[in-house]
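S.K.: Quick check, what structure comes out for this input:
(chains A and B)
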Amino acid sequence: MIASTRANLITLITAPTIWAFHFLVCYIAASIHCAKAMTNARVFLGPEWPDVTLARIIIAGATIVAMVAIAWSSRQAWRHWGDGDAEPPYDDATLDDRQQFLGFATILLCGLSFIGVIFVALPAVFIGDCR
Amino acid sequence: MVSTVGAFVFAAGVLVVTWDVLRPKGKEPYAERNPWNAGTLEWLSENPGKDWGVRTVPVVTTRYPLWQQPNFVRDYDEGRFYLPDAEEGKRETLITSVLDARPIQCLRVPGNTFMTMGAAFLTGGAFIAATFYAWTLTILFSIAALISILIWLWRGTAVIPEKAEKDVGLGLKLPLYVSGPDSVGWWAMFITMIGDMAAFASLLFGYFFYWTIHSTAFPPTAGAGPGQFWPAVALMLVLASWGAMLLARRANAADRPGNLRFWLMGSAVLAVAGGAALLWGPHETGLDPTSHVYPATVWVIAIWTAVHLGVGVIMTLYCLARSAASKLTAAHDIDIHNVVLYWHFALVTMTVTVAVLALFPLAVR
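M.R.: Down below sits the predicted model:
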């Protein structure tokens, strides 16, 4: 279903789903790491903030996996988009219109998801501790 | 000064609209149909309105059907599309595929009934009584709601039609009874259980939240419940119960009602035993829910899962009764498909419960 020569509902939502799971992984990694590092410290009193290197490595890995997966989905969507003789805005009742409309919509969603994944990961670049 | 003038112009515009809304219109004629010659379906409605919402379900192949499809309005008015009539006097609608809107089923929807109102009133009563801590009343309302919902399900759902398929117009024959992932009931169960899993996830979040804010006491040191033995027994029993449901579904598909009833009963017994074993773990290890947040959280998650097993048992016994009444057969099998779907989710809930309550303390201790 995810890898298909014909566009379908699943190929359409693959990239946003990856984005959602990437967000979940980043959120859980950062929140558990910092919550455990600062256990029982409702108000921070130590000499320096706990570092988040482990969470940053997990987030970096998840980001690379997510970007590769979205790139793969984009390549497939690009093929769907080019697969036919229909003209924009692809609103005729033909199989080519269906295929190219879904392919184009998927590419737009892939672009949005790619940027979304980058923005979700950016705090891990700029913020080096549990502040 | 310019902005003051602008404000007055704006206020004058509002007054014009207000006057147009409020002015007496008793002698005005109705507006003609589709006065702006628009191209989309909402302009099909007539003034004054008819007794129906949609005269017939049209086939739309263009973005602006009123402009782009010849004789569209005339064909619509004359009922030349799908379901222009209700030959059997039943309320019917079309079920279509998601992306292509290809018709796949003619669905009979319920008519006017008090069964839904009764179920809603009694369920609401249970919640209202619980709000006021009237626990006896809550339990009585809950039992009455359960009975009411069962009556509604028995009489109002999975109704076996008088014929397998019907002509819905344009030479298309569609089935009246559909089961499994093609049916709306299956998807209703799926979506309900996604919501249910979200509620379950919020309970698990509670568990892990307390784990993050306590350095040592959550989960406590070795020896504290619910242990590993009873959760493992419970998981095995529920796994067997789920397997029995799969065999029940297979027996029904092979048209063997005797085998179906055997596996349904076996599944119910195994599920009751599994729920009891799940609750026995924290009980036997002496977890007191009022002593600390850890036992309280363990009990909440275990009870949540046990209650879901109980609901699953009610569904399984419902299938048993439906089979005995010949309402669940090889040809009319929507009940067993939906109940097996519930059991898929129940097994996931059970597996996650045991992994969290029994294995997670081992991993972090």
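S.K.: low pLDDT regions in the stretch 201-350 of chain B?
M.R.: B:222 (pLDDT under 70).
S.K.: and the residue of it nearest chain A?
M.R.: Nearest residue of the stretch 201-350 of chain B to chain A (Cβ to the nearest Cβ) works out as residue B:212 at 3.5 Å. Just so you know, the C-beta spots here come from the backbone N, C-alpha and C atoms, and that holds for glycine as well.
S.K.: what's residue A:9 in contact with, if anything?
M.R.: B:98-99 (Cβ atoms under 8 Å, 6 or more residues apart in numbering or on different chains).
S.K.: Is it correct that residue B:252 is in contact with residue B:335?
M.R.: No: taking contacts as Cβ atoms under 8 Å, residue B:252 lies outside contact range of residue B:335: 9.3 Å.
S.K.: neighbour-wise, which of these two wins?
M.R.: More neighbours surround residue B:252 than the other of residue B:252 and residue B:335, with 27 against 23 (other Cβ atoms under 10 Å in any protein chain shown).
S.K.: related to what we said a few turns ago, where does the residue of the stretch 201-350 of chain B closest to chain A fall, phi/psi-wise?
M.R.: phi -70, psi -30 (degrees, to the nearest 10).
S.K.: Could you count how many residues lie near it?
M.R.: As a burial measure, residue B:212 scores 17 neighbours (other Cβ under 10 Å).
S.K.: And residue B:77, by the same measure?
M.R.: Residue B:77, neighbours per other Cβ under 10 Å, totals 13.
S.K.: mind listing what the closest residue to it other than its chain neighbours touches?
M.R.: Closest residue in space to residue B:77, ignoring its immediate chain neighbours: residue B:55 at 6.4 Å, by Cβ to Cβ, 6 or more residues apart in numbering or on different chains. Listed by Cβ under 8 Å, 6+ apart, the contact set of residue B:55 reads B:44, B:76-77, B:79, B:84.
S.K.: So which residues on chain A come close to chain B?
M.R.: Contact residues (Cβ under 8 Å from any Cβ of the partner chain) of chain A with chain B: A:8-9, A:31-32, A:35-36, A:39-40, A:91-93, A:98, A:102.
S.K.: let's see it at 10 Å
M.R.: Residues of chain A lying close to chain B by Cβ under 10 Å from any Cβ of the partner chain are A:7-9, A:12, A:28, A:31-42, A:89, A:91-95, A:98, A:101-102.
S.K.: Filter those residues down to the buried ones and express that as a PyMOL selection.
M.R.: One line in PyMOL is enough to select the buried members of the residues of chain A next to chain B, burial here meaning 16 or more other Cβ atoms under 10 Å in any protein chain shown:
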select buried, chain A and resi 7+8+12+33+34+37+38+98+101+102
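S.K.: so what secondary structure elements neighbour the host helix or strand of residue A:75?
M.R.: Taking DSSP states H and E as the definition, residue A:75 sits inside helix A:53-82. Where contact means 3 or more Cβ pairs under 10 Å, 6 or more residues apart in numbering or on different chains; DSSP states H and E, helix A:53-82 is packed against helix A:9-37, helix A:95-126.
S.K.: can you give me the angle it makes with helix A:9-37?
M.R.: Using axes from the mean of the first three to the mean of the last three Cα atoms, to 10 degrees, one finds that helix A:53-82 and helix A:9-37 are set 170 degrees apart in direction.
S.K.: May I see the buried residues of helix A:53-82?
M.R.: For helix A:53-82, by 16+ other Cβ under 10 Å, it's A:55-56, A:58-59, A:62-63, A:66-67, A:69-70, A:72-74, A:76-77, A:80-81.
S.K.: Give me the distance from the longest helix along chain B to the chain's centre.
M.R.: In chain B, ranked by residue count with DSSP state H as the criterion, the top helix is helix B:293-324. Distance, stretch centre to chain centre, for helix B:293-324: 17 Å (Cα atoms, centre = their mean, to the nearest Å).
S.K.: Report the angle between the helix or strand following it and helix B:293-324.
M.R.: The first helix or strand that comes after helix B:293-324 along the chain, using DSSP H and E, is helix B:334-354. Helix B:334-354 and helix B:293-324 are oriented at 160 degrees to each other (the same axes, to 10 degrees).
S.K.: Which strands or helices does helix B:334-354 pack on?
M.R.: helix B:184-213, helix B:229-253, helix B:257-284, helix B:293-324.
S.K.: picking up where we left off before, residue contacts, the closest residue to the residue of the stretch 201-350 of chain B closest to chain A other than its chain neighbours?
M.R.: Distances taken as Cβ to Cβ, 6+ apart place residue A:35 nearest to residue B:212, at 3.5 Å, with adjacent residues excluded. By Cβ atoms under 10 Å, 6 or more residues apart in numbering or on different chains, the residues touching residue A:35 are A:130, B:208-209, B:211-213.
S.K.: Quick check: residue B:166 is in a strand.
M.R.: Yes: the assignment for residue B:166 by DSSP: H, G, I helix; E, B strand; the rest coil puts it in a strand.
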